[in-house]
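S.K.: Can you look at this prediction? I've put the sequence above it.
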Amino acid sequence: MSIWLGVIVAALVVWALKNLGYLIPQRLVQGALITRMAGLTTVALLASLVVAQTLQNDSALVIDARVPAVVVAGALLAMKAPFWVVLVSAGVVAAGLRFFGVLA
Amino acid sequence: MAPDLRRARAQGLQVALAVSLYGVSFGALAVALGFSLGQTMVLSLVMFSGASQFAFVGVVATGGLAAVPAAIATAGLLGARNSLYSLTMSPIIGRGFFRRALAAHLTVDESTAVSTAQETRRAAQHGFWATALWLYLGWNVSTLVGALAGDALGDVKTWGLDAVAAAAFLALLWPRLVSREPVAVAVGAAAVTAVLIPFVPAGVPVLCAAGVGIATAMVRVVRSRRAAAKPLEGEQ
């Protein structure tokens, strides 16, 4: 599958999911299970993506400049810093550590 | 205009502006990871759901062409919560094919959150459309700016953009960690991912982690139903 086809299919899947809720009657799907499932699945996916994006290098787990960058991001989030501050700080930490040759 | 409607619109504009800045990092990251300007813009214009967009480019970047099916599945699973938002928004948006089609495309975390925070139905409508339209404009303009800048940046790692992507997922996760249940699920999903990464193809650990969330929800709901059913049985 080409990247372009993947981009288009993924975009249409997400678009279709948004339309779904406007097409089906509310009473059919309202329930504790579905609400809870959607919320917890989102949490699980995001937590998983944090780990993969921080530690994964091909099929190995590595500790490099991304780890301290994410720790700093977590600390800033705990201090309720705005999103852009969190993202820029993470980038500066990782880029700085690499520039000075402290971590790969 | 009535003060509550004006307030709803102002809230929408503020939220949209703050979140739009995110689009810069998405655009820069996608292009730096090897996506073309066109592909990056299709993701922002058509997919238009931040977490799904970051996930799609992130998973493809870790596994290449072979990871594309897993990337589609991850983007779709993350987009599934938008279905719930659209269920919530459906009665507020009202009738009309084009109005509903446009609303569907723009139903995301932010537009739903601002809308449902309002006290009257009219204010909820104003809040939704203000957030949705400003965000669509801001998100796509900032994606374009980021993508053009990202082209000039070159290697992702030199500028720490790989760490920015990780921080972006953490920032999306953070506001959801409001009680013990989501925290436990997040820890479980993180552990499953770390254990699986060396053994399965890229993108698959993320999908397995989704199973942690689904399984937890099922167990909790079944348990609470049983707990709720017991006193009733006792009464009869």
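M.R.: Thanks, I have it.
S.K.: Apart from its neighbours in sequence, what residue is nearest the residue in chain B positioned nearest to chain A?
M.R.: Shortest chain B-to-chain A distance, computed as CB to the nearest CB: residue-wise this is residue B:86, at 2.7 Å. Yep, even glycine has a C-beta here, placed from its N, CA and C like the rest. Among residues not flanking residue B:86 along the chain, residue A:21 sits closest, at 2.7 Å (CB to CB, 6 or more residues apart in numbering or on different chains).
S.K.: do residue A:103 as well
M.R.: residue A:65 (4.2 Å).
S.K.: need the contact list for the residue of chain A found nearest chain B.
M.R.: As assessed by CB to the nearest CB, chain B sits closest to residue A:21 within chain A, at 2.7 Å. Applying CB atoms under 8 Å, 6 or more residues apart in numbering or on different chains to residue A:21 gives the contacts B:82, B:83, B:84, B:85, B:86, B:87, B:88, B:89, B:90, B:104, B:107.
S.K.: Tell me which of the residues you listed fall in helices.
M.R.: If you go by DSSP state H, the contacts of residue A:21 have B:82, B:83, B:84, B:85, B:86, B:87, B:88, B:89, B:90, B:104 in helices.
S.K.: okay if I get those as TSV plus distance to residue B:181?
M.R.: What follows is those, written out as TSV (distance: CB to CB, whole Å):
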residue	distance to residue B:181
B:82	22
B:83	21
B:84	17
B:85	20
B:86	24
B:87	22
B:88	21
B:89	25
B:90	27
B:104	30
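S.K.: Any of those buried? List them.
M.R.: B:82, B:83, B:84, B:85, B:86, B:87, B:88, B:89, B:90, B:104 (16 or more other CB atoms under 10 Å in any protein chain shown).
S.K.: What is the neighbour count of the closest residue to the last one other than its chain neighbours?
M.R.: This means residue B:104. Spatial nearest neighbour of residue B:104, excluding adjacent residues (CB to CB, 6+ apart): residue A:19 at 4.4 Å. The tally of other residues near residue A:19 (other CB atoms under 10 Å in any protein chain shown) stands at 18.
S.K.: Just the buried positions in the helix or strand where residue A:19 lies, please.
M.R.: Per DSSP states H and E, residue A:19 falls inside helix A:3-23. Under the neighbour-count criterion of 16+ other CB under 10 Å, helix A:3-23 has A:3, A:6-11, A:13-15, A:17-22 buried.
S.K.: what does stretch B:92-112 give?
M.R.: Neighbour-count burial for stretch B:92-112 [16+ other CB under 10 Å]: B:92-93, B:100, B:102-112.
S.K.: just to revisit the earlier point, now do the helix holding residue A:19: distance to the chain's middle.
M.R.: 18 Å (CA atoms, centre = their mean, to the nearest Å).
S.K.: tell me the mean pLDDT for it?
M.R.: Rounded to a whole number, the mean pLDDT of helix A:3-23 is 96.
S.K.: One more: stretch B:94-113?
M.R.: Mean pLDDT, stretch B:94-113: 94.
S.K.: which outside residues touch that stretch?
M.R.: Against stretch B:94-113 from outside (CB under 8 Å, 6+ apart): A:15, A:18-19, A:21-22, B:12, B:15-16, B:19, B:48-51, B:81-82, B:85-86, B:88-90, B:93, B:125, B:128, B:131-133, B:135-136.
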